[in-house]
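> need the 3D shape of this:
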Amino acid sequence: DEAEFQAALKIRSGIVYSPSLVENSIARLERLAIKLGLDFVRVEPRITRNDRDLTLDVEFALVRGPRVFVERIDIEGNATTLDRVVRQQFKIVEGDPFNPREIRESAERVRALGYFSGADVQAREGSSPDQVIVDVDVEETSTGSLTFGGTYSTTTGPGAIIKYSESNFLGRGQRLDLGVTTGVDNREYSLSFYEPAFLGRDLSFGFVASYVETDNQNAVYDTNLGRFRPSFEFPVSDNGRMQVRYTLDMSEMVGGGTTAGALISSEIARGVEFSNSVGYTYSFDTRRTGLNPNAGVLLEFGQDFGGIGSDNQYVRTTAKAIAQTKVLSEEVTLRATLEGGALNYVTGSGRATDRFFMGPSVMRGFEPSGIGPREVNGNTNDTLGGNMFAVARFEAEFPLGLPEEYGINGGVFYDIGSPWG
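Next up, the predicted model:
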């Protein structure tokens with residue numbers, strides 16, 4: 001249906017010509033063809049120059065290409081990395097219709113792994129004219145790092161960090177991170193592991209273990225917090241993914257002294273508490289795989305059902321929506337984010353360590369724990385956190401005219417929101 005492809009085009013008459021706009025239009029149309037089950041369809045741009053009017057006429061021709069299939073995929077140069085790690089970046093397998101754009105995108109995914117200093121992907125004729133062999137030639141590079149350094153955070157102030165990171169653990173494409181971070185009033189110890197293709201399938205497995213100690217960090221009390229969280233994640237649609245997880249938490253509030261209010265003092269008196277929960281998060285992301293390469297949305301909705309077998313049973317719900325697009329010759333990124341959460345107790349009650357706080361990563365421009373419910377009475381001024389929160393963030397990112405390799409851009413933002421309850 002020609003009209004369906006015409007409707008998918010975002011390029012319009014009167015705009016300034018840009019090769020990237022044409023390339024993105026081709027990508028959009030070929031993705032639509034694949035979505036409609038039309039194999040061997042190619043999009044050929046035909047450009048006519050009008051010197052008198054100083055304009056260009058752009059025609060996108062949908063052409064049925066030759067019936068060519070992938071005979072095999074050969075991988076060379078990977079002394080440490082297993083073949084299957086590279087093959088997992090190809091959405092096509094032996095016997096599938098040959099799609100040059102899919103091969104190029106697969107090559108970009110191989111390069112984006114960060115395991116290779118060079119990755120060359122070429123196609124050549126196979127055992128017959130209707131067969132193609134895809135040659136993948138890679139050159140491995142170092143994937144591990146040991147970091148000793150200093151840090152500064154608007155939340156924790158200055159600190160030191162020791163971190164070991166390996167993004168291609170044992171050549172299996174797995175990620176392993178161990179870290180120790182210390183600040184003026186906090187210490188964090190963490191271990192995380194991530195397997196992107198569990199049992200060779202499009203199923204990821206990972207776990208995070210952490211232990212955090214704080215000393216009067218933006219509060220009149222100290223905390224000791226431990227967490228162990230294994231999780232699985234898998235696709236449920238072209239753009240949708242589901243994560244299921246189990247969480248075991250340990251929390252302790254200590255100190256407080258005479259300046260702590262009645263609410264915080266009662267929560268400190270509860271001592272060490274353990275809680276466990278099972279939960280899920282559904283995400284729908286079109287920012288990379290949608291028909292429009294320059295715009296997309298991310299939708300997330302998650303719930304954790306906690307306190308199984310204890311006196312404090314709760315449901316913790318979070319949601320996030322992000323929409324972004326590129327404008328002004330695709331140099332400026334506009335982004336809007338809506339985020340919120342609710343903590344509802346079926347039985348019992350929570351503590352400050354369980355409730356929502358709006359730090360700089362959630363809402364910018366305020367001191368940590370600077371907004372939200374508080375207990376104020378005489379010398380008491382305790383931040384309590386909220387059982388609910390909502391925030392809207394609007395931002396624009398733009399280049400500053402500096403070389404791209406510096407990685408420095410400009411930005412403006414406007415945030416509005418609050419915790420409550």
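> so how far is the helix or strand bottoming out on mean pLDDT in the chain from its chain's centroid?
In the chain, the helix or strand scored least confidently by mean pLDDT, DSSP states H and E is helix 19-35, which has a mean of 81. Centre-to-centre, helix 19-35 and its host chain are 24 Å apart (CA atoms, centre = their mean, to the nearest Å).
> equivalent analysis for stretch 128-143, please.
Relative to its parent chain, stretch 128-143 has a centroid offset of 28 Å by CA atoms, centre = their mean.
> and that stretch, average pLDDT?
Averaged over stretch 128-143, pLDDT sits at 92.
> buried sites along it?
Neighbour counts using 16 or more other CB atoms under 10 Å place Gln131, Val132, Ile133, Val134, Val136, Val138, Glu140, Thr143 of stretch 128-143 among the buried residues. (Glycine included, C-beta is placed from N, CA and C.)
> next, the contact list for the residue nearest to the first one when sequence neighbours are not counted, please.
In space, Gln131 comes closest to Glu71 once its chain neighbours are excluded; the distance is 3.9 Å by CB to CB, 6 or more residues apart in numbering. Glu71 makes contact with Glu94, Gly126, Ser127, Gln131, Val132, Ile133, according to CB atoms under 8 Å, 6 or more residues apart in numbering.
> from those, pick the one nearest Tyr246.
Comparing the contacts of Glu71 against Tyr246 with CB to CB places Glu94 closest, at 38.0 Å.
> what helix or strand does the closest one sit in?
Assessed by DSSP states H and E, Glu94 sits outside every helix and strand.
> if we can go back for a sec, model confidence for the residue nearest to Gln131, exactly?
We note a pLDDT of 92 for Glu71 in this prediction.
> A strand includes it, no?
Yes - assignment of Glu71 by DSSP: H, G, I helix; E, B strand; the rest coil places it within a strand.
> thinking again about what came up before, could you work out the most separated pair of the contacts of Glu71?
By the measure CB to CB, Glu94 and Ser127 form the most distant pair in those, at 12.2 Å.
> please narrow the buried residues of stretch 128-143 to those residing in helices.
Using DSSP state H, no member of the buried residues of stretch 128-143 sits in helices.
> can you put those in CSV and add distance to Gly348?
Formatted as CSV, those follow (distance: CB to CB, whole Å):
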residue, distance to Gly348
Gln131, 66
Val132, 63
Ile133, 64
Val134, 59
Val136, 56
Val138, 55
Glu140, 53
Thr143, 46
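> hey, where'd the strands end up in the stretch 301-421 of the chain?
Remark: strands assigned in the stretch 301-421 of the chain by DSSP state E, counting those that start in this stretch are 313-327, 332-347, 374-377, 380-383, 388-399, 409-420.
> any idea which of those is most buried?
Of all the strands of the stretch 301-421 of the chain, strand 380-383 carries the top mean neighbour count, a mean of 18, counting by mean count of other CB atoms under 10 Å.
> next up, the contacts around Asn381.
With CB under 8 Å, 6+ apart, Asn381 has these contacts: Arg374, Glu375.
> leaving out chain neighbours, which residue sits closest to Arg84?
Distances taken as CB to CB, 6+ apart put Gly200 closest to Arg84, at 6.5 Å, once the chain neighbours are dropped.
> surely that neighbour is in contact with Leu82?
No - with contact defined as CB atoms under 8 Å, Gly200 does not count as touching Leu82 (10.5 Å).
> who has more neighbours, those two?
Using other CB atoms under 10 Å as the criterion, Gly200 and Leu82 rank with Leu82 on top: 15 against 9.
> now Ala112. Its backbone dihedrals?
Phi and psi for Ala112, reported as degrees, to the nearest 10, are phi -70, psi -10.
> what's the per-residue pLDDT of it here?
Looking at Ala112, the pLDDT reads 88.
> how far away is Glu94 from Val68?
Separation of Glu94 from Val68 (CB to CB, to the nearest Å): 13 Å.
> same question for Val220.
Going from Val220 to Val68 by CB to CB gives 71 Å.
> could you dump the strands of the stretch 301-421 of the chain to a markdown table with mean pLDDT and distance to Thr258?
Below are the strands of the stretch 301-421 of the chain laid out as a markdown table (pLDDT from 0 to 100; distance: least, CB to CB, whole Å):
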| stretch | mean pLDDT | distance to Thr258 |
| --- | --- | --- |
| strand 313-327 | 95 | 31 |
| strand 332-347 | 95 | 29 |
| strand 374-377 | 86 | 12 |
| strand 380-383 | 84 | 9 |
| strand 388-399 | 96 | 30 |
| strand 409-420 | 95 | 27 |
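> for those, which one sits closest to Leu38?
Ranked by CB to CB, the member of the strands of the stretch 301-421 of the chain that lies closest to Leu38 is strand 313-327, at 27.3 Å.
> thinking again about what came up before, let's see which of the contacts of Glu71 end up in strands.
Among the contacts of Glu71, the residues falling in strands (DSSP state E) are Gln131, Val132, Ile133.
> can you confirm Arg227 is in a helix?
No - according to three-state DSSP, Arg227 belongs to no helix; its state is strand.
> looks like Ala79 contacts Glu140 (just checking).
Yes - counting by CB under 8 Å, Glu140 is a contact partner of Ala79 at 6.1 Å.
> let me see the contact set for Gly271.
For Gly271, the contact set (CB under 8 Å, 6+ apart) comprises Glu252.
> how near is it to Met253?
8 Å.
> with Asn381 instead?
Look at Asn381 and Met253: by CB to CB, they are 17 Å apart.
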